[in-house]
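[1] Quick one, fold the following:
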Amino acid sequence: METIQAPQFDERMRMEPIQAPRFVHGALRCLALLSGDLDDKTVPALVPVLFPCLLTIVSSPQVYEKYIRTKALSIVYYCTSMLVAMSGVYKTETTALIGPMLKPWMDQFSIILEHPVQSEDPNDWSIRMEVLKCLNQFVQNLPGLTESEFMVIIRPLWATFVSSLGVYVRSSIEGTEDSFEGRYDSDGAEKSLDSYVIQLFEFLLTIMGSAKLAKVVANNITELVYYTIAFLQMTEQQVHTWSVDANQFVADEDDVTYSCRVSGALLLEEVVNAYGREGIDAIMNGAKQHFRESQQEKVSGSTVWWRTREATLFALASLSEQLVDLEVSGPSRVDVGKLVEQIITEDIGIGVHEYPFLYARIFTSVAKFSPLISHGVLEHILYAAIKAIGMDVPPPVKVGACRALSQLLPEANKELIQSQMMGLFSSLTDLLNQASDETLHLVLETLQAAIKAGSETSTSVEPIISPIILNVWALHISDPFISIDALEVLEAIKNSPGCIHPLTSRVLPYIGPILNKPQQQPDGLVAGSLDLVTMLLKNAPIDVVKAVHDVCFDAVIWIVLQSDDHSEMQNATECLAAFVSGGREEVLTWSGDSGFTMRSLLDAASRLLDPKLESSGSLFVGSYILQLILNLPSQMSLHIRDLVAALVRRMQSVQIVGLKSSLLLIFARLVHMSSPNVEQFIDLLTSIPAEGYDNSFSYVMSEWTKQQGEIQGAYQIKVTTSALALLLSTRHAELAKTNVQGHLVKFAAGITTRSKAKLAPDQWTMVSLPAKILALLADALIEIREQDLADDDEDSDWEEVQAGDAEMDKDLLHSLSATSSGRPTYEHLEAMEKVFNKDHEDDYEADQLCVADPLNQINLARYLRDFLMNFCQSNRPLFENLCQSLTESEQDAIQTVLNH
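    Sure, this is the predicted structure:
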């Protein structure tokens with residue numbers, strides 16, 4: 001790289017114009033090849049010399065063709081990328097380097113963008129794309145420099161945006177001009193119009209993301225939205241591909257593939273984020289204007305009027321969450337439901353074969369906006385979707401009908417649709433036999449919704465549907481997405497009235513031989529079969545659990561003890577947990593030898609807790625042991641010491657955070673089970689050695705206090721947090737003797753580079769265990785309060801502090817004698833508990849087996865309030881001393897609950 005010198009470029013510039021491009025082109029190609037290897041030492045030295053030469057090339061269209069100028073811009077982009085990557089550490093140096101060069105480059109960018117975009121000219125699209133990439137880098141990473149020069153490109157950028165639409169409509173949407181789709185230049189760069197338009201949207205997205213720059217274009221937001229919706233029209237290529245390939249249609253809709261439609265929808269979403277209500281008004285105005293224009297096109301006899309209508313619905317549907325939330329929350333004057341209904345009622349009578357994609361979009365739009373649409377229209381669409389599933393209509397229409405049914409059936413009036421359900425089941429099973437890949441997922445999802453909605457007819461359709469779904473499940477056992485979908489359909493059948501017994505009788509003769517000869521099965525079949533058995537066991541009546549036990553229990557034990565396949569071990573562990581949860585103590589008697597069965601269960605636990613076993617194989621051992629101690633407490637009480645020792649050894653060899661958290665949950669549950677003699681459990685832990693620590697108590701509490709903030713799931717958080725409170729309440733001498741990790745120590749401000757991190761790894765303070773536990777309890781209160789505030793924008797009781805408190809009261813005990821309305825009421829604590837449960841239900845795979853645990857009913861906010869009040873009243877000096885080590889926010893959280 002050192003051999004490339006600026007004088008060589010100056011020399012080329014001074015040569016005859018006819019010769020210069022040839023030499024410059026070669027030099028640029030070399031630079032382009034080398035630019036990917038530029039580093040933070042080369043670029044700062046190269047840029048001051050190179051950029052003026054590149055600017056000369058870019059600003060000389062009379063000498064250099066667009067292709068060469070584009071190459072020059074691509075080098076600017078690569079160098080700029082390296083500079084902005086350095087700006088985190090060398091911000092001052094980067095700003096000093098780029099600042100003086102920015103204005104001439106911005107001027108040149110505006111010159112390139114101000115001319116109308118040319119049709120069928122990929123070189124014109126390419127040079128604009130490189131300009132947009134450079135601008136994107138500047139705005140994203142050097143906003144302070146760019147904002148002062150930004151105005152010069154506003155008008156040219158708008159001219160490019162507007163003229164691009166005309167070219168895009170003719171080339172991609174109508175297909176009357178060449179869009180150069182799928183073609184590349186000699187250097188491998190894409191030449192298509194789509195790639196350029198996507199880059200244009202990406203830059204506009206970046207502008208929307210900058211508060212200052214978004215204000216600059218605020219006056220044109222209505223026009224921006226209007227043109228953006230026009231870009232969302234289906235292209236001729238999409239119409240052709242989706243008409244013959246339903247799988248591709250579903251995949252492109254579901255997977256948010258890289259396209260102009262997706263980029264444009266993201267821009268509309270950013271408009272709403274950046275401008276709020278003003279942005280929503282712009283969306284609605286643009287949608288109404290396009291709807292009116294499509295009406296005029298339809299009246300005038302246009303054959304493509306439907307494209308604008310479909311794009312309008314697509315744009316609205318892409319923002320359905322924000323629009324629905326706005327209208328549901330109260331009067332908004334947006335009336336998106338009214339607009340969608342108007343479009344639907346006008347178009348629902350059109351020919352389904354003539355306009356299949358508009359019909360499909362109507363179905364999906366109704367599904368998205370169902371909370372805002374009248375019952376009459378919803379029922380009409382529901383019947384139309386049921387009818388479409390059974391008709392000979394284009395595949396996109398069936399796809400849209402499936403989406404509508406999946407959304408509308410759960411909320412439909414069961415009495416009104418029962419007469420339609422047998423016909424729908426028949427149509428869906430026929431469709432299932434024709435489906436593949438992406439459409440199979442959609443049909444299974446629809447079938448699941450239909451089974452849940454048509455429970456009255458479930459016993460009639462179970463003999464028809466179950467064999468088909470079991471066949472789909474078996475054929476796609478190696479595809480986790482399809483097999484899980486099929487399993488969920490079977491679970492819906494199982495949960496329908498009168499279906500669990502016939503379904504179990506149908507499954508067991510097939511599953512039994514698979515599990516009893518696991519080594520002879522193809523990959524994935526054993527693990528999948530274990531999932532199927534676990535599904536049957538969950539919430540099943542005791543006779544079903546016994547029937548499954550008689551066929552599968554011994555085989556499941558054998559798999560846990562002998563298999564080396566981690567998927568099989570994981571699923572077998574979950575299956576054993578379901579057996580114990582469903583059979584309880586009766587499971588010990590079914591084999592005729594309760595002692596042997598108990599030893600088998602303990603042997604399985606022993607293998608799963610073997611520290612030599614890879615963590616992945618033990619992943620669900622926590623759930624299994626939890627069921628053992630919950631459902632077989634008297635039997636497990638004989639083995640608590642051995643269990644604790646095994647848990648500690650397994651924890652010390654764990655590499656998976658989730659597994660460690662599940663083992664800590666066992667310790668927390670054991671704390672609760674030892675109450676009111678928690679001190680004895682602490683004594684037990686201190687008597688068991690742990691490698692590298694004084695004892696197991698020291699080790700467990702060290703890990704627990706580090707992990708507590710990472711534990712997920714409402715049940716898990718309730719059990720572990722309340723167990724910490726129980727431990728603290730003992731005031732056991734071992735607590736005060738134990739020190740654990742406190743807060744991260746920050747030594748210096750600024751960016752932490754890799755080299756800095758190696759030289760100065762993270763360091764933490766050490767605090768006493770009681771102080772850390774109190775801090776964790778305060779953190780739990782903070783999290784509950786934040787979730788409560790996020791769920792309700794209105795003032796919360798948790799926000800209230802004593803009037804006139806200008807600073808934190810250093811003596812928290814003073815709050816005990818104060819009077820305030822800030823104490824959370826019983827009703828508010830109950831409301832917060834609902835928010836807490838809701839916010840955590842999706843954080844961690846909900847363990848249905850834990851629902852029956854009485855601890856799941858804990859109101860954590862109320863529990864912590866009561867504990868803290870009792871704790872501080874019983875030993876105020878200790879409480880005051882522990883509070884001194886808390887952060888201000890933690891002290892505030894505790895003070896709030898103590899005020900009364």
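[2] Which secondary structure state does Ser885 sit in?
    At Ser885 the chain is in coil, as set by DSSP: H, G, I helix; E, B strand; the rest coil.
[3] any low-confidence regions in the stretch 801-900 of the chain?
    The model of the stretch 801-900 of the chain has pLDDT under 70 over residues 801-850, 900.
[4] same thing with the stretch 251-400 of the chain?
    255-257, 329-333.
[5] Can you show me the helices along the stretch 301-450 of the chain?
    Shown for the stretch 301-450 of the chain, the helices assigned by DSSP state H, counting those that start in this stretch span residues 305-318, 320-328, 336-347, 356-368, 375-389, 395-408, 414-434, 437-453.
[6] closest one to Gly742 among these?
    Among the helices of the stretch 301-450 of the chain, helix 320-328 comes nearest to Gly742, with 40.8 Å by CB to CB. Every C-beta, even on glycine, is put in place using the N, C-alpha and C of the backbone.
[7] Which neighbouring elements make contact with that closest one?
    Under the contact criterion of 3 or more CB pairs under 8 Å, 6 or more residues apart in numbering; DSSP states H and E, helix 320-328 touches helix 277-299, helix 336-347.
[8] how about TSV for those helices, with mean neighbour count and distance to Gln407 added?
    Compiled in TSV, the helices and strands packed on helix 320-328 are given as follows (neighbours: other CB atoms under 10 Å; distance: least, CB to CB, whole Å):
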stretch	mean neighbour count	distance to Gln407
helix 277-299	18	21
helix 336-347	18	14
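[9] Now those helices in JSON lines, please, with extra columns for distance to Thr146.
    Putting these into JSON lines (distance: least, CB to CB, whole Å) gives the following:
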{"stretch": "helix 277-299", "distance to Thr146": "23"}
{"stretch": "helix 336-347", "distance to Thr146": "36"}
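[10] just so I know, which of the ones you listed lies nearest Gln520?
    When the helices and strands packed on helix 320-328 are compared by CB to CB, helix 336-347 sits nearest Gln520, at 55.4 Å.
[11] Can you work out which other helices and strands pack against that closest one?
    In terms of contacts (3+ CB pairs under 8 Å, 6+ apart), helix 336-347 is packed against helix 277-299, helix 305-318, helix 320-328, helix 356-368, helix 375-389.
[12] could you dump those helices to JSON lines with distance to Ala159?
    What follows is the helices and strands packed on helix 336-347, written out as JSON lines (distance: least, CB to CB, whole Å):
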{"stretch": "helix 277-299", "distance to Ala159": "20"}
{"stretch": "helix 305-318", "distance to Ala159": "23"}
{"stretch": "helix 320-328", "distance to Ala159": "30"}
{"stretch": "helix 356-368", "distance to Ala159": "32"}
{"stretch": "helix 375-389", "distance to Ala159": "42"}
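[13] out of those helices, which comes closest to Arg641?
    That would be helix 320-328 among the helices and strands packed on helix 336-347, by CB to CB, at 53.0 Å.
[14] Give me the residues contacting that closest one.
    Helix 320-328 is touched from outside by 269, 272, 280, 283, 316, 332, 334-337, 368-369, 371-372, with contacts defined as CB atoms under 8 Å, 6 or more residues apart in numbering.
[15] could you flag which of those residues are buried?
    Buried by 16 or more other CB atoms under 10 Å: Glu269, Val272, Ile280, Ile283, Leu316, Val334, Val336, Gly337, Lys368, Phe369, Leu372, out of these.
[16] could these go into CSV alongside distance to His639?
    Below are the buried ones among the contacts of helix 320-328 laid out as CSV (distance: CB to CB, whole Å):
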residue, distance to His639
Glu269, 56
Val272, 58
Ile280, 62
Ile283, 63
Leu316, 61
Val334, 63
Val336, 61
Gly337, 61
Lys368, 54
Phe369, 57
Leu372, 58
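[17] just curious, which of those is nearest to Ser426?
    Of the buried ones among the contacts of helix 320-328, the one sitting nearest to Ser426 (CB to CB) turns out to be Lys368, at 27.6 Å.
[18] now stretch 574-581: mean pLDDT?
    On average, the pLDDT along stretch 574-581 is 96.
[19] ditto for stretch 77-91
    On average, the pLDDT along stretch 77-91 is 71.
[20] same deal with stretch 593-602?
    So the average pLDDT for stretch 593-602 ends up being 95.
[21] Please export the C-alpha coordinates of it as PDB.
    The C-alpha trace of stretch 593-602 is given here as PDB (Å, rounded to 0.1, in the frame of the first residue of the first chain):
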ATOM      1  CA  ASP A 593     -41.800 -52.600  42.800                       C
ATOM      2  CA  SER A 594     -41.800 -49.000  44.200                       C
ATOM      3  CA  GLY A 595     -38.200 -49.300  45.500                       C
ATOM      4  CA  PHE A 596     -36.900 -50.300  42.100                       C
ATOM      5  CA  THR A 597     -38.800 -47.400  40.400                       C
ATOM      6  CA  MET A 598     -37.500 -44.900  42.900                       C
ATOM      7  CA  ARG A 599     -33.900 -46.200  42.400                       C
ATOM      8  CA  SER A 600     -34.400 -45.800  38.600                       C
ATOM      9  CA  LEU A 601     -35.500 -42.200  39.000                       C
ATOM     10  CA  LEU A 602     -32.500 -41.500  41.200                       C
END
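[22] Mind picking the two most distant members of the buried ones among the contacts of helix 320-328?
    Farthest pair in the buried ones among the contacts of helix 320-328, by CB to CB: Glu269 and Gly337, 19.4 Å.
[23] Could you check which helix or strand contains Val740?
    Using DSSP states H and E, Val740 falls within strand 739-745.
[24] Which secondary structure elements does that strand sit against?
    helix 696-707, strand 763-768, helix 769-791.
[25] And these: which comes nearest Ser172?
    Nearest of the helices and strands packed on strand 739-745 (CB to CB): helix 769-791, 41.9 Å.
[26] quick check: angle from that closest one to helix 696-707?
    For helix 769-791 against helix 696-707, the angle by axes from the mean of the first three to the mean of the last three CA atoms, to 10 degrees is 30 degrees.
[27] can you pull the buried residues of helix 769-791?
    For helix 769-791, the neighbour count (16+ other CB under 10 Å) marks 769-785, 787-789 as buried.
[28] Stretch 54-71 too?
    Going by neighbour count (16+ other CB under 10 Å), the buried part of stretch 54-71 is 54-60, 63-64, 66-71.
[29] ok, now stretch 298-306?
    Neighbour-count burial for stretch 298-306, with 16+ other CB under 10 Å as criterion, is recorded at Lys298, Val304, Trp305, Trp306.
[30] cool, stretch 413-425 as well?
    The neighbour-count check on stretch 413-425 (16+ other CB under 10 Å) flags Ile417, Gln420, Met421, Leu424, Phe425 as buried.
[31] so what's the third one up against?
    When contacts are counted by CB under 8 Å, 6+ apart, Met421 is found next to Ala450, Ala453, Gly454, Glu456, Thr457.
[32] In this structure the third one contacts Ser419, no?
    No: here Gly454 does not reach Ser419: they are 10.4 Å apart, not a contact under CB atoms under 8 Å.
[33] what touches both of those two?
    Joint contacts of Gly454 and Ser419 (CB under 8 Å, 6+ apart) do not exist.
[34] Looking at the buried residues of stretch 54-71, which one is closest to Ser259?
    Of all the buried residues of stretch 54-71, the one with the least separation from Ser259 (CB to CB) is Thr70, at 23.3 Å.
[35] how far away is the closest one from Tyr196?
    Between Thr70 and Tyr196 the distance is 11 Å, computed by CB to CB, to the nearest Å.
[36] Spit out the residues that contact these two alike.
    Residues touching both Thr70 and Tyr196 by CB under 8 Å, 6+ apart: Ser126.
[37] Apart from its neighbours in sequence, what residue is nearest Val644?
    With CB to CB, 6 or more residues apart in numbering as the criterion, Val644 has its nearest non-adjacent residue at 6.0 Å, and that residue is Ile688.
[38] That neighbour in helix, strand or coil?
    Assignment for Ile688 (three-state DSSP): coil.
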